[in-house]
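Q: Sequence and predicted structure below; questions after.
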Amino acid sequence: MMPIAERIQEVRARVQSARAAADGSAVLLAYDANGIQAFLSASNALPYLRGASESIKEFDRRNMERQGALFGGGGRGLFLVPEAIADQLGQELVAEHAARTQGSLSIARAPFDGRSITGEANSLRWLRARMAVAKDEAVPPTRPARCTERCGDCRVRPAERTFTRGQDTVQVCALCDSVMRIGRKTARFEDEAGTTLDTLSLTNRLAVLSADGNEMGRLFSSLSTVESQAIVSTVVSWIFEHGRASATKKCGMDTRTYVAPVAGGDDIRIFFGPEYLLDLVPALVEEIENAASMAAQQLGALDPETARRVGRIGVGMGLVVGPSNFPASRLLENAHNLERSAKRICGDKGARSAVDIALLSSGTEAQDLDDDARPSRLRLTGGGNSPEWAETTRRAVRLMAVPSSQRAALRDAMQSLSPVDVSDTSGTARMSRPEVQNLFRYQVARNKKWQEYIGPEWRTPDIDRRIPTTFELDLAHLMSAVEQAATKRVRHQRAEGRA
Amino acid sequence: MSLDFTLKITCPSGTVAVGGYTAAPDGIDAIHARRADGRAILPATALRGALRETYEALLRADGQPACAGGDGNDPTDAASTLSSSAPCALLGGRPCKACRLFGARRTTVEAGERHFSKLVLSDAVLDGAAEWSIRHGVAIDRKRRSAAEHLLFDRFCPIAAVGYEFLATGRLLDEALETDLRAAALLTQHIGGGRSRGMGRIDVALEFATKVPSPIVRVDQEAIRVVVTLEQPACVGVPFARENLRETRLEIPGSALRGAVGFALAEALSDPDADEPFQTLVSESAGASFGFLYGGKPDASIIGPVPLSARCCRANPNHPKVDVTLDRIALALAALPAEAAAVVAGILEGCTVCGAPLKAKSALRGGSQSQTRVVDRVSLDRRQRSALEGALFSYELIEAGTQFVGDITRIPATSRERLGQGLGGPLSLGRGRSNGWGAAKIEIRPVPTRADMNARGNAFEQALRARLNHAGLDDTPANRLVSISLLSPLIPSDEDADGSATLASALGVGADSCVVRVRRFGAEGGWDQRRTSKDARSTVKQSVVAGSVFVFDLGSPWRDALAKLNELEKSGAGENTHQGFGRVVVFDPALCSSTEEKK
């Protein structure tokens, strides 16, 4: 990965060159791919997920080779070009994107007034407003085709071709076929080529992370020149790309254990095995915040205020652990909702980074995200050394010693305390808070593991204050399941070695 | 003639454990089925399975053919090796009696048929509260004489079900099968798992009730407001299924309401095909228009999603919402860069409370939200006693108790009594009718009066003039512009790419008169049990989603077009308006809060 200083130099050179080439009548032209998340997560097949990302990356790479390109990544980009070629460029971008993804691309353009900083700021504001309009007025997608057999992968388009996946053959549409072929070519390991998302995990669960930079809206709206816009866009992309790559490497993950669909800008999406969850969350925060500090140092000479803002970039993360047979798009939607939930405690007066996690059993969905008292929404202060995170995981680790059935009974009782919005409010089968507290006291009194968890003061009357949160109980169970699966795998490998 | 009945299930010993229906808490391997309020149930799917298994055994004992769980194969015939997807034809080319009573794996009904199964059965709900406990089960390692590793299973179920009474209600749609159902109920002795451990032992008492005529709802207006409350969970199909998860729509489409009323009437009438009031009611051209039902307040004059032009705070959705329609109009009318710059300068980019970015977010007017849950459903392979290959599905269900509101309009005078009869039920919305899913009760109210079109138009024009003046733009066009917000999806004609031409045509202007469009696209249609499944798939059509907003320049004052505007609100636009598609509100008051005003 190119160092950030070199990237900034390259962007500066691009802006200067584009300004010179555009001369008098220049326009700013931006593009943004529509429905990119749906395209990237339309299938649970690993070759598809990798191939779809590669298609978008290749689209951005080729665009950066075009005249006037200032920034490109994650299906978004910015050009400064002479007005005479803007129409042609827009048409070419739309056509190339459609050829690669069958999707639509929003194009916005605004006259570039480079005579003053105010003029440039107005041009950028106008471009943002035009892009908002273009997104709402984007051309409709391809109409659902009349067909007798739909693609076995995306389940939307007509099946036209046969794709071989391991020993199975699947009838797929032309797009899924070409995307999966790209995905197979980019596979770094042989066993990546024909598998689905569930192979990333030791257990039958899959973790999906969706992260997004905090305070990005304020940062970008404070930028007043095209150069600063291009540089900061590049820097932000680098921070998140570098942060993600460093964190996954730090956790010992490789492309057999995670897949990160292209996101671009300040977004990160990762599908991975939940065994890496406890390490990845603090590592990601630490690496992103460190990368932001490094980038801020490079930006210091350009604009101290912007550098200060960049140096404070944090991340809001949503993380869902769910059944690995659930559609990738559905898990990603849940993770994205949790990301929004985490961001609610970030901001000017809030935490720099935060995470919200939901551990879904088959049959549950991430709900009650507007509840301010969600125990799974944690501030990640202090980067990778967040005391809140450390304390929560420490308690969860200690809970692992408590028998799983005891934890489950308590978890179920605590779940029954949450209100359910149904007309039948008789509540005959639900437990009240004193009943849950009684259950907990009873369990502690009878079980040594619980007593060890509470400590010597387990006999005190107010031990119900020490009831673990539902999130800690879930986390403890997840860690137990991972531990069991890991042990099983090691045994299996040893047995195979002996054989 | 259908027969109503109640099914009383008691447990003479032990307890019951029907897994798969409810999410098991972590640390537990299986949990007995229960409702959202925690009350124990026997799911209708499990009850049907238990009754069917007994009935199949009875038929075979009597020398009659019976396939295994609807697979079309006669297990007593070694040569019977039909593919599991083949429909049952064991009774002289017709489905066996078990398939008639309980249904088979068919995707279409035959000519003259209205049901896949002659039995409609609800979940059996425990009368009262149960005490729950964890039952441990462990396999013993024969060599070590101790617990085998990883073979400790925990089931969470009622402590002891002795004395418990689970009550289900149902309808038998074919009187000729009454004796058969009685026999199946009498002899059914087990349900769910753990039989070898003495669990799942049940006694079933079937009692046919005296037929009580369905209440007739009084309908005496051309339009009525219906308030639907789900009595059982509901799953309303989506056009495209994802993997093995069958998702539900979160609203009730007009087609589902129309279908429910149609089925109720078809069941109640002796000859529905010859009944003129019924045929008029469901006529596509001259019949009633059954609107989409959304969550919302029953007395709200506008029901549906908030406009897509609304923006809410990304950090806190409870912060005040703003709308960008007036900004978009101003931007579209700006001819010079300086004018555009003035408009852009007035556009709000952050929340008025916390400054966080503003984002579009889909929501319903009134802020209601449906609770859903996912349940697993599996067909068992009778021979292997395990899940049948390819027959394990997860269904997303809207919880019972959820309330929906919508309107039925254009009700022909001659069909109002018939509609009242249909609304009296029994009504079932969405899929899984024979499992009791989608059972609902309906309340009728008068349609709340919306503000007069003229008053709404004036308010919109005034707000628009203020926005244009603030940006230094000429406000002359303000009296020609009309906003249209979709309250339900719009299915445009085949030639129309995005719905603007369809709406323009309804307004009597050209498609190029559309000044602003804030819209997204979706798909409508899907499976129709009256057609072959492959043909039915081709009914999927592109739609413009509810909440989309369009603004048109009529070229002349909108006051001159009041009649057309009123007609558009009344009749809707695009295809399938009889199913509630294409309902609109003109001059939506929600659009009048410019972002500029909030600064």
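A: Happy to help now that I have it.

Q: Any idea which residue of the stretch 201-350 of chain A lies closest to chain B?
A: Taking CB to the nearest CB, chain B has its nearest neighbour within the stretch 201-350 of chain A at A:Gly217, 3.2 Å off. C-beta here means a position set from N, CA and C on the backbone, and glycine is covered the same way.

Q: Next up, the contacts around that residue.
A: By CB atoms under 8 Å, 6 or more residues apart in numbering or on different chains, the residues touching A:Gly217 are B:Arg314, B:Glu349, B:Gly350, B:Ala356, B:Pro357.

Q: which SS class is it?
A: Under DSSP: H, G, I helix; E, B strand; the rest coil, the three-state class of A:Gly217 is helix.

Q: excluding its backbone neighbours, what's nearest the residue nearest the centre of chain A?
A: What sits nearest the mean C-alpha location of chain A, by CA atoms, centre = their mean, is A:Ser210, with 2.1 Å. With CB to CB, 6 or more residues apart in numbering or on different chains as the criterion, A:Ser210 has its nearest non-adjacent residue at 3.9 Å, and that residue is A:Ala335.

Q: ditto for B:Ile411
A: Closest residue to B:Ile411 apart from its sequence neighbours, by CB to CB, 6+ apart: B:Ala288 at 4.5 Å.

Q: right, and that neighbour touches B:Pro412 too?
A: Yes - between B:Ala288 and B:Pro412 a contact is recorded at 6.7 Å, counting by CB atoms under 8 Å.

Q: Overlap of the contact sets of the two?
A: Residues within reach of B:Ala288 and of B:Pro412 at once, by CB under 8 Å, 6+ apart, are B:Leu281.

Q: quick one, which of those two is more surrounded?
A: B:Ala288 (26 against 16; other CB atoms under 10 Å in any protein chain shown).

Q: contacting residues around the more buried one?
A: B:Leu281, B:Val282, B:Ile408, B:Thr409, B:Arg410, B:Ile411, B:Pro412, B:Ser415, B:Leu419, B:His578.

Q: Could you rerun that using 10 Å?
A: B:219, B:222-224, B:254, B:258, B:261, B:280-282, B:408-412, B:415-416, B:418-419, B:578 (CB atoms under 10 Å, 6 or more residues apart in numbering or on different chains).

Q: Contacts for stretch A:482-499, please.
A: Here stretch A:482-499 has contacts from A:201-205, A:273-278, A:321, A:400, B:149-150, using CB under 10 Å, 6+ apart.

Q: same thing but at 8 Å, please
A: Taking CB under 8 Å, 6+ apart as the rule, stretch A:482-499 contacts A:Leu202, A:Thr203, A:Pro274, A:Glu275, A:Met400, B:His150.

Q: re the thing from before, if the residue nearest to the centre of chain A is in a bridge, with which residues?
A: A:Ser210 has these beta-bridge partners by DSSP bridges: A:Arg269, A:Gly318.

Q: That one and B:Pro357: what is the separation?
A: Applying CB to CB, to the nearest Å, one obtains 17 Å for the distance of A:Ser210 from B:Pro357.

Q: so how far is chain A from the residue nearest to B:Ile411?
A: Distance of B:Ala288 to chain A, given as CB to the nearest CB, to the nearest Å: 28 Å.

Q: And that residue, its phi and psi?
A: Phi and psi for B:Ala288, reported as degrees, to the nearest 10, are phi -70, psi 160.

Q: Then A:Gly73?
A: phi 180, psi 140.

Q: How about the one 3 residues further on?
A: A:Arg76 adopts backbone torsions of phi -130, psi 150, taken as degrees, to the nearest 10.

Q: Where do the strands of chain A begin and end?
A: Listed in chain order, the strands found in chain A under DSSP state E are A:26-33, A:69-73, A:76-82, A:105-111, A:161-165, A:168-172, A:205-213, A:258-259, A:267-272, A:315-323, A:354-359, A:377-379.

Q: Need those in CSV (columns: mean pLDDT).
A: Shown next, in CSV, are the strands of chain A (pLDDT from 0 to 100):
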stretch, mean pLDDT
strand A:26-33, 92
strand A:69-73, 90
strand A:76-82, 92
strand A:105-111, 91
strand A:161-165, 74
strand A:168-172, 76
strand A:205-213, 90
strand A:258-259, 87
strand A:267-272, 91
strand A:315-323, 88
strand A:354-359, 86
strand A:377-379, 82
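
Q: Count the neighbours of A:Arg489 for me.
A: A:Arg489 has 12 nearby residues by other CB under 10 Å.

Q: quick one: it and A:Glu275, what's the gap?
A: From A:Arg489 across to A:Glu275, the span is 10 Å (CB to CB).

Q: can you list residues touching both of these two?
A: Common contact partners of A:Arg489 and A:Glu275 (CB under 8 Å, 6+ apart): A:Leu202.

Q: Stretch B:543-563: how far from the chain's middle?
A: 30 Å (CA atoms, centre = their mean, to the nearest Å).

Q: meant to ask about stretch B:439-453, not that
A: With CA atoms, centre = their mean, you get 19 Å for stretch B:439-453.

Q: now do stretch B:505-525
A: For stretch B:505-525, the distance to the chain centre is 26 Å (CA atoms, centre = their mean).

Q: If you count neighbours, what's buried in it?
A: Going by neighbour count (16 or more other CB atoms under 10 Å in any protein chain shown), the buried part of stretch B:505-525 is B:505-507, B:509, B:511, B:513-525.

Q: what about it, average pLDDT?
A: Across stretch B:505-525, the average pLDDT comes to 89.

Q: got the end-to-end distance for it?
A: With CA to CA, to the nearest Å as the measure, stretch B:505-525 spans 24 Å from end to end.

Q: Which residues are in contact with the most centrally placed residue in chain B?
A: Nearest to the geometric centre of chain B sits B:Val236, at 2.9 Å (CA atoms, centre = their mean). B:Val236 sits next to B:Thr248, B:Arg249, B:Glu251, B:Ile252, B:Pro253, B:Ala256, B:Ile398, B:Leu429, B:Gly430, B:Arg431, B:Gly438 when contact means CB under 8 Å, 6+ apart.
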